[in-house]
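Enquirer: give me a 3D structure for the following:
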Amino acid sequence: MMMKKAWFKVFAVVLAIACFSACTNEGSDEDIPNTRQRQTGQSEIDDNAAYDDSEINFGHYAPALEYQHFDGLRIATTNDYAAMGMARMMEESHLGFYGEPGYQVDIYNDSRALLYAFENDNVKIANLPATLAAELYNKTNGAISVLAINSLGADFFVERLDRHLNYVSDMRKRKVYFTDAFSNTDWVTRYIFAKNHIDIRADIEYIHEADYETIFNLMRDNDMAVAVIPAHIVLPESLKHREDNFVMGMALYSEWANLEHSNELILSQYVSNVTVVKNDYLFENTDDVINFMARYQMSVDFINAPENREKSAELIERHNIMESAEVAARLPFRDIVFFHGNPMKERLKAYYEVMFDFDATSIGSALPGDDFYYLG
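Expert: Reported below is the predicted structural model:
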């Protein structure tokens, strides 16, 4: 591939997006193949919802199963900060900025369901938990590449307001609930406990539950219980049920930063989610992948800009990533990032080395090779 050709396409994307604020589109009532596949089923965007960025009719979102032979770029993402960073890009694709048929983005609440779709469906690019991406690389003998780090850890030890914990060691003899066993967050939690000399089999009751609703109900019955929950899950719950006094206590990223790691290149951050691509698609459609990366980068930049907070929150609600724009606007978007190239490789490689030293099975029992990191 010629670099001039690739960067000309990136320039074209920049030019098109620069025109966004000045453009209006009368739109149509036709369905657009841009779906939201969730653990709890599909839902449609409400086209009558208030949105003050333009006077565009946004159409409807059809069920994913109707588009198994979608000819555009199909993307899958976890329903978290990774999806939030894509919200602007989803909107622009929906408006036809990227041509037809554009991007189809499927959003999953369950990372293992997402992984299954990525392996077995026509999904070309996916946002995966960092440890799961390394596991998949090893499982497929290097059939995928990582394009970027798209989010950092935004998980908290959630507790009751009147039972404030000052240190990780304060959790001894308590019940600690979590979901998604052997996920990226689970491995990081285990690592933090181990580095604080807490044995999850002897010093605490480390209990896996199927979903967050179950965990919240259990915490209502036990004011000494603690749970590991991401900010975008606990914030809406704490605002809806203020009487429960659920609060975000110690942040896992802060506890991570306080530790001495086996690799000090970890930059005091733990990586939550990464963007990966199937190599057969990457090699045959390099320009399209570069364009995708440029669009994703600009979407993240838009979401993170303080002056765009309200509009970003509205987009997050419109695309069914969170139910409430008001709540979304209160989240710390700083953990939505887009590190690519060498900055991505340095951070992610160091992160994997730390997790490998802790428990090799967390990343599929082997460190990814240099071919895993796409630096184009």
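Enquirer: domain parsing for this protein?
Expert: Domains of the chain are assigned by automatic domain parsing as 3-152+271-372, 155-266.
Enquirer: Glu323 should be in a strand, yeah?
Expert: No: going by DSSP: H, G, I helix; E, B strand; the rest coil, the assignment for Glu323 is coil, not a strand.
Enquirer: which residues touch it?
Expert: Counting by CB atoms under 8 Å, 6 or more residues apart in numbering, Glu323 makes contact with Pro236, Glu317. Just so you know, the C-beta spots here come from the backbone N, C-alpha and C atoms, and that holds for glycine as well.
Enquirer: likewise His340?
Expert: Leu147, Ala148, Ile149, Met293, Gln297, Tyr374.
Enquirer: which residues does the third one contact?
Expert: Applying CB under 8 Å, 6+ apart to Ile149 gives the contacts Ala130, Val271, Asn273, Val274, Thr275, Val337, Phe338, Phe339, His340, Met344, Arg347, Leu348.
Enquirer: recalculate using a threshold of 7 Å.
Expert: Going by CB atoms under 7 Å, 6 or more residues apart in numbering, Ile149 touches Val271, Val274, Val337, Phe339, Met344, Arg347, Leu348.
Enquirer: ok, the third one - contacts?
Expert: Okay, so that is Val337. With contact taken as CB under 7 Å, 6+ apart, Val337 is in contact with Ile149, Asn150, Ser151, Leu152, Val300.
Enquirer: what helix or strand is it located in?
Expert: In this assignment (DSSP states H and E), Val337 forms part of strand 336-340.
Enquirer: what's the mean pLDDT across that strand?
Expert: Strand 336-340 shows a mean pLDDT of 97.
Enquirer: before we move on, the earlier item: which one of the contacts of His340 is nearest Phe156?
Expert: Ile149 (20.2 Å; CB to CB).
Enquirer: what's the closest non-adjacent residue to that closest one?
Expert: Distances taken as CB to CB, 6 or more residues apart in numbering put Phe339 closest to Ile149, at 4.2 Å, once the chain neighbours are dropped.
Enquirer: the contacts of Ile149: which two are farthest apart?
Expert: Val337 and Leu348 (11.8 Å).
Enquirer: so where is this protein shaky, pLDDT-wise?
Expert: 1-71, 262-268 (pLDDT under 70).
Enquirer: quick check: nearest residue in space to Ile303, chain neighbours excluded?
Expert: Using CB to CB, 6+ apart, the closest residue to Ile303 is Ser312 (4.5 Å).
Enquirer: and the one you found, how close does it get to Ile200?
Expert: According to CB to CB, to the nearest Å, Ser312 stands 37 Å off from Ile200.
Enquirer: and Ala83, by the same measure?
Expert: Ala83 is 30 Å from Ile200, by CB to CB.
Enquirer: again with Ser299
Expert: For Ser299, the distance to Ile200 - CB to CB - is 38 Å.
Enquirer: show me which of these two is the more surrounded one.
Expert: Ser299 (24 against 14; other CB atoms under 10 Å).
Enquirer: just checking, next helix/strand downstream of the host helix or strand of that one?
Expert: Using DSSP H and E, Ser299 falls within helix 286-304. As assigned by DSSP H and E, the chain's next helix or strand after helix 286-304 is helix 309-318.
Enquirer: just to revisit the earlier point, which two in the contacts of His340 are spaced the farthest apart?
Expert: Gln297 and Tyr374 (14.0 Å).
Enquirer: no further queries at this time; thank you.
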